[in-house]
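> Structure for this input, please:
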Amino acid sequence: MPSAEQTENGDYEYVYFFAFAVVDYDRYMSWKSAENGCVFLIVNGTISGRSNKEDEANVLLPSGHGVLVVRATFKLQAKP
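Predicted structure coming up:
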């Protein structure tokens, strides 16, 4: 189960439905392609979708942004 700020140990995990909190630091997100999954960015209460038809790695999630993950193998970790 992911925490509100990152996935377990900052590793990939399958997420059925989870909203990661808005934080005040940058994070990197990565995901593996899937037929039915989606990754949604949350900025000031506005949601915009990203397809996960292709693998993505180390996509910057800036501070002040949250992310909603639906049926995806996903990784979220703090930017070092």
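
> show me where this protein has helices.
Ranges of helices within the chain: none, based on DSSP state H.

> which strand is the longest one in it?
strand 65-78 (DSSP state E).

> what's the offset of that one from the middle of its chain?
Its chain's C-alpha centre and that of strand 65-78 lie 2 Å apart, by C-alpha atoms, centre = their mean, to the nearest Å.

> so where's the protein shaky on pLDDT?
For the chain, the stretches with pLDDT under 70 are 1, 51.

> Return the longest strand of the chain as CSV; C-alpha atoms alone will do.
What follows is strand 65-78, C-alpha atoms only, in CSV (Å, rounded to 0.1, in the frame of the first residue of the first chain):
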residue,chain,number,x,y,z
HIS,A,65,1.2,18.8,-7.5
GLY,A,66,-0.6,15.6,-6.6
VAL,A,67,-1.3,12.6,-8.7
LEU,A,68,-4.3,10.2,-9.0
VAL,A,69,-3.3,6.7,-10.2
VAL,A,70,-5.9,4.3,-11.5
ARG,A,71,-5.0,0.6,-12.4
ALA,A,72,-1.4,1.2,-13.1
THR,A,73,2.0,-0.2,-12.1
PHE,A,74,3.4,3.0,-10.8
LYS,A,75,6.4,4.4,-8.9
LEU,A,76,6.6,7.7,-7.1
GLN,A,77,9.7,8.9,-5.2
ALA,A,78,11.2,12.1,-3.9
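
> Pull up the pairing partners for that strand, direction included.
According to DSSP bridges, strand 65-78 forms sheet pairs with strand 13-20 (antiparallel), strand 27-32 (antiparallel), strand 38-43 (antiparallel).
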